[in-house]
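# sequence plus predicted model, see below.
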Amino acid sequence: MVSRLVTPRTILREWQEDDLDAFARITAQPEVMRWIRDGRTLDRAGTAERIGAFQQHWAEHGFGLFALVLRETGELAGFTGLAVPTFLPEIMPAVEIGWRLGREHWGRGLATEAARAVVDHARADLGLKRLVSIHQVGNDASARVMIKIGMHLDRETVSPDNGRSVRVYAMDLADS
């Protein structure tokens, strides 16, 4: 199991105990959480639960969401990685690539840079044949990352857990 990826500006690694406070600052930002699930921010306890779920996903699947750390400063900027999108049963079985960065890290290409490393990991290390990525309609910044890494619009649908319109992008890894 690969538990660390390195790009020119980021380190993607396993979650650590001391990541909680930094990630809680990110999940408390309304503009970050606007497009996540029902749009509510998380408190420290809710953030700890999410990190626990990330770690459980790694244990169950052998892949997951990496903590995204800036190489230059060691600061936790968010996450990028893979997950099984069980919240959207109509596209299952599937593996989703996703990212979430603190507001202060937007617009610098970090999500795209890290996502490209995760795509390579999915293809080379995990042997995956296809990836999807899902964003709520209106989250244009996330859609731009999907397009930059080579994904195409697969479908528009509604998330059954919150009734919000979502777009599913996809990429066949054998073709990219």
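Yep, it's here.

# distance of the closest residue to Ser165 other than its chain neighbours relative to Pro30?
Of all residues not flanking Ser165 in the chain, Val137 sits nearest, at 4.1 Å (Cβ to Cβ, 6 or more residues apart in numbering). Where C-beta positions appear, they are placed from N, C-alpha and C, glycine not excepted. Using Cβ to Cβ, to the nearest Å, Val137 is found at 19 Å from Pro30.

# the two - which one has more neighbours?
For Val137 versus Pro30, the count of surrounding residues by other Cβ atoms under 10 Å is larger for Val137: 13 against 10.

# give me the phi and psi for the more buried one.
phi -60, psi 130 (degrees, to the nearest 10).

# can you pull the contacts of it?
By Cβ atoms under 8 Å, 6 or more residues apart in numbering, the contact set of Val137 is 156, 164-167.

# which residues of this protein fall in helices?
20-27, 30-33, 44-61, 110-124, 140-148 (DSSP state H).

# what is the shortest one packed up against?
So the one you mean is helix 30-33. Packed against helix 30-33 by the contact rule (3 or more Cβ pairs under 8 Å, 6 or more residues apart in numbering; DSSP states H and E) you find no helix or strand.

# just to revisit the earlier point, pick the most deeply packed of the helices of the chain.
helix 110-124 (a mean of 20; mean count of other Cβ atoms under 10 Å).

# so which residues make contact with that one?
For helix 110-124, the external contacting residues (Cβ under 8 Å, 6+ apart) are 2, 5-10, 12, 63, 66, 68, 70, 77, 80-82, 95, 97, 99, 101, 128, 131, 145, 148-150, 171, 173, 176.

# I'd like the average pLDDT over it.
Averaging pLDDT along helix 110-124 yields 97.

# could you give the angle of that helix to helix 140-148?
40 degrees (axes from the mean of the first three to the mean of the last three Cα atoms, to 10 degrees).
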